[in-house]
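Enquirer: sequence and predicted model, in that order:
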Amino acid sequence: MDPNRILTGPYTLKPLKQLNTSKCSKEEILDYFENAYSLNESLFTILSCEEAFYKCPDRLRLPLIFYYGHTAVVYLNKLTLAGLLQERVNFEFETMFETGVDEMNWDDTENYRMGGSYKWPSVNEVAEFRGEVRKLIRQVILDTPLELPVTQESPWWAVFMGLDHERTHIETSAVLIRQLPIDMVRNIEGWKLAPRTHEDGVNNKIAMVTVDASEVTLGKPVDYPTYGWDCEYPQVNKSVPAFEASAFLITNKQFFHFVNTRGYHRREWWTKEGWEWKTFREAKHPVFWVCTKGCKSNCGADLADYTHCKPKDSTNDDNSNGHSTNGVSHGDDAFERKHGRKYRYRTMCGEIAMPWDWPVIVNYHEAKAFCNWKKDDFRLPTEAEQWAMRDDEVPSDEMHNVNSAYDSSTPVNMYPPSQKGFYDVIGNAWEWVEDNFNGYPGFKSSYLYDDYAGSSMDGRHNIIVGGSWISRSGSMAHFSRYAFRRHFYQFAGFRLCRSVNFSEDPPVVLVPQINAKQDFTISLRNTDKHIQQSKNQQFLEERPEALQKRLQEEYGSMNEGNFYSRLHDICLDIVQAHNNSFNRVLDVGCACGRLAFELAKDFKEVVGLDFCEQYICASEQLKKKGHLSYHLLNEEDLDQPPPAKQARTNGEEMAEDAIIPSGVDVNRVTFKQMTWLPNELADYDLVIQHGLERVQNKKAWLVRLWEVITPEGVAVVVCQDGWTEKDLMPILESRRCGCGGVSGWLDRERSHANTGKQVRFTKAGRFQTVRIQQ
């Protein structure tokens, strides 16, 4: 049952139903935690050997050992942020397993942690770590007073976040395990595949169902009594013009005809991005189909040359690791006889004869190519249209293939349809939709996981909705909306859709990509009407004019009156006043690096950190060359919204050079792009947080300051948008916990003129005020 000795609790494949946050008891929370923890570990018992833990089934994902350890670390991180934990378990592991790989392109290079030179701990060591975490979280649940209802403001929300994250990663890991070489997986006790067909099967002709124009409410009520991720809130109403969509998800059989007519070889069916992905990936059929032609797999590292599609004796129909499914396609035996041997199907634990009536599992590019191949103005549904196909009430688990009712997809006609005639609008397989991922109007990120959704609101991610066979309960699948890059594989399929009245655009959301040529993949009469700016304000910093403005602000005045040189002097005085060392400093919100360079005059090691890619690139260029040209903006344009106007004199652009301060040893400075403060940042003598007005969630960038500085370290906070000591101190005081010693506060007025500034720094809660002039 457990060949690799990875279980820290009982083996189980039976998930519990989702908790009600308004009336659950500690006992129920504890049971749900134990169940989620055991479900995740039990999934990894599919691996037949320890070697499999160190393989990369996906070329842009880490080895499976990371995902085995990752969910335990998230519990620790989130409970620490919420103040429910005061001590770490194993900080080395909590750093190593904190962050996965977030590739942005299908041709990104492999992460350094995928190579054989990176030293991962043994499976046994990680299992022991998970066991320690399990005991600790149990104790937290038992010892922490429970106040109901548990809301997003409650410390208990961090517990529920860890629980849902664990359940989410069961699905993430399952997708990866399913791509491993078949000799690295095994059949496990209680694993139950669905029948390949149901009743008379599914007609190969795609049946369409019409939906009249309607008003639809998307999203989750803020007070709904279950856990939810920040991108699911709040509710929003949308008008949905009449449309028609396929009653069933597109099946393997229906997609076969696209493959069989050389759909993967014909450029005209693919979007520009999709064709580039297909060409690079050398894809010839869906990822879980298995042929006999040696097709390139999606694996990485030392599995890069592996192929699932190995030639075999045509009489051998058993590579299932003991699995079987019930039935064949009774309605089309001729099709089975003619095409059944061309492809087999990869499940979690083995291979089976092709289940033609199961939904095809593809990425967005493949789904979109199929729509284009069908012509007749077919496209994918929008998010609002997919909601319009559903019933009004939140679904029950019994009516859908969710929560591992089966350990596979099911025939698309197996579960009953919605009242409007659509099957599998919840469960069986996620559905790709046309919308770019964005927050609903009124979106607010959680300080516990600020970059969970916001980092994907960039126009490069599409949405999947509805849940799959392995997703947790129907109510969670009902509200869930996940962002994935269009080349990404999940247990996701699609259905066809088209507008009834082509004079009316579908209710789609498009998010423009920053600094990239836009290639929207849906035809609209009025595209501009559907474009929304990202709900993550941090992406606005990636505009070209934002860089020009920032360089001018930081380097436009190199005299001693420059704010950043003065801030350097203030921080130096504070450190000296408290007898701190001059070893390591972290500049959070470093932007284009001026303050970091100033600090390198006195500190031995300076790390400049910012969420903005172009600011970090500019900082690196300044470090390398010592100067960087930029266009000078008019004073009146400095605070103007985009697009900012560039100043001109007699029709010519005014250009200046940003030059790093003299006397700086640039080798002391390192720049990092990060969207939060990860565990790898620690033991700094001075931390300066001076970009709070630029971030999505201020609290998220403050709650870890005490873990980042040394016990006698100094933290200085700078803000220019109205935040005061009254706003700051509840956050800093709540996290003091003996972790750090000294904090500072600088209130920077929003002005470009020479004005007074105030610096306040504290020890033991006492504030002092220093008045300076810029």
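Expert: Now that the structure is in, tell me what you want to look at. Numbers count the residues shown, from 1 in each chain.

Enquirer: all the strands of the stretch 551-700 of the chain, residue numbers only.
Expert: 584-588, 605-610, 627-631, 648-649, 652-653, 655-659, 669-673, 684-689 (DSSP state E, counting those that start in this stretch).

Enquirer: pLDDT averaged over the last one - what is it?
Expert: Within the predicted structure, the mean pLDDT of strand 684-689 is 92.

Enquirer: what's the answer for the second one, then?
Expert: Average pLDDT, strand 605-610: 97.

Enquirer: residue 389 contacts residue 420, doesn't it?
Expert: Yes - taking CB atoms under 8 Å as the definition, residue 389 is a contact partner of residue 420 at 5.8 Å. In this view, the C-beta of every residue, glycine as well, is placed from N, C-alpha and C.

Enquirer: secondary structure element for residue 433?
Expert: For residue 433, the host element (DSSP states H and E) is strand 430-436.

Enquirer: residues making contact with stretch 8-16?
Expert: Applying CB atoms under 8 Å, 6 or more residues apart in numbering, the contact partners of stretch 8-16 are 1-2, 31-32, 34-39, 41-42, 45, 127, 130-131, 134, 167, 188-191, 403-404, 407, 472.

Enquirer: kindly supply the PyMOL command isolating those of those residues that are buried.
Expert: Per 16 or more other CB atoms under 10 Å, the buried members of the contacts of stretch 8-16 correspond to this PyMOL selection:
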select buried, resi 32+34+35+36+37+38+39+41+42+45+127+130+134+167+188+191+403+404+407+472
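
Enquirer: among the contacts of stretch 8-16, which are in strands?
Expert: Of these, none are assigned to strands by DSSP state E.

Enquirer: hey, C-alpha coordinates of stretch 233-242 in CSV?
Expert: The C-alpha trace of stretch 233-242 is given here as CSV (Å, rounded to 0.1, in the frame of the first residue of the first chain):
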residue,chain,number,x,y,z
TYR,A,233,-15.5,37.4,-4.9
PRO,A,234,-17.6,39.5,-5.1
GLN,A,235,-20.8,38.8,-7.1
VAL,A,236,-21.3,40.6,-10.4
ASN,A,237,-24.3,40.8,-12.7
LYS,A,238,-23.8,40.5,-16.5
SER,A,239,-26.1,40.7,-19.5
VAL,A,240,-25.8,37.6,-21.7
PRO,A,241,-27.1,37.8,-25.3
ALA,A,242,-28.7,34.7,-26.7
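
Enquirer: so who does residue 282 touch?
Expert: Here residue 282 is in contact with 295-296 (CB under 8 Å, 6+ apart).

Enquirer: cool, residue 160 as well?
Expert: Residue 160 neighbours (CB under 8 Å, 6+ apart): 19, 21, 150, 227.

Enquirer: one more pass at 10 Å, please.
Expert: Listed by CB atoms under 10 Å, 6 or more residues apart in numbering, the contact set of residue 160 reads 18-19, 21, 24, 29, 32-33, 78, 150, 152, 154, 226-228.

Enquirer: follow-up on the earlier one: give the residues shared as contacts by residue 389 and residue 420.
Expert: Contact criterion CB under 10 Å, 6+ apart; residues shared by residue 389 and residue 420: 209, 211, 245, 247.

Enquirer: farthest-apart pair in those, please.
Expert: Distance extremes for the shared contacts of residue 389 and residue 420: the farthest pair is 211 and 247 at 11.2 Å, using CB to CB.

Enquirer: quickly list what's touching both of these two.
Expert: Contact criterion CB under 10 Å, 6+ apart; residues shared by residue 211 and residue 247: 389, 420-422.

Enquirer: for PyMOL, what selects the buried ones among the residues you listed?
Expert: Those of these that count as buried under 16+ other CB under 10 Å are selected in PyMOL with:
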select buried, resi 389+420+422
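
Enquirer: now the end-to-end length of stretch 409-420.
Expert: One end of stretch 409-420 sits 22 Å from the other (CA to CA, to the nearest Å).

Enquirer: for that stretch, which positions count as buried?
Expert: Applying 16+ other CB under 10 Å to stretch 409-420 flags 409-415, 417-418, 420 as buried.

Enquirer: of all those, which comes closest to residue 599?
Expert: Checking the buried residues of stretch 409-420 against residue 599 with CB to CB, the nearest one is residue 409 at 55.7 Å.

Enquirer: I'd assumed residue 356 was in contact with that closest one.
Expert: No - look at residue 409 against residue 356 with CB atoms under 10 Å: they stay out of range, at 11.7 Å.

Enquirer: who touches both of the two?
Expert: Residues touching both residue 409 and residue 356 (CB under 10 Å, 6+ apart) are 251-252, 345.

Enquirer: now those as JSON lines including distance to residue 694, pLDDT and neighbour count?
Expert: Formatted as JSON lines, the shared contacts of residue 409 and residue 356 follow (distance: CB to CB, whole Å; pLDDT from 0 to 100; neighbours: other CB atoms under 10 Å):
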{"residue": "251", "distance to residue 694": "48", "pLDDT": "98", "neighbour count": "26"}
{"residue": "252", "distance to residue 694": "48", "pLDDT": "97", "neighbour count": "25"}
{"residue": "345", "distance to residue 694": "49", "pLDDT": "97", "neighbour count": "23"}
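
Enquirer: sort out for me which of those residues are in helices.
Expert: residue 252 (DSSP state H).

Enquirer: quick one: which of the shared contacts of residue 409 and residue 356 is nearest to residue 384?
Expert: Using CB to CB, these come closest to residue 384 at residue 251, 24.9 Å.

Enquirer: which strand in the protein has the most residues?
Expert: The single longest strand within the chain, with elements called by DSSP E, is strand 709-719.

Enquirer: can you give me the buried ones in the next helix or strand along the chain from it?
Expert: Sequence-wise, the next helix or strand downstream of strand 709-719 (DSSP H and E) is helix 725-734. Within helix 725-734, the residues scored as buried using 16+ other CB under 10 Å are 728, 731-732.

Enquirer: TSV please, covering the residues you listed and showing pLDDT.
Expert: Putting those into TSV (pLDDT from 0 to 100) gives the following:
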residue	pLDDT
728	79
731	80
732	72
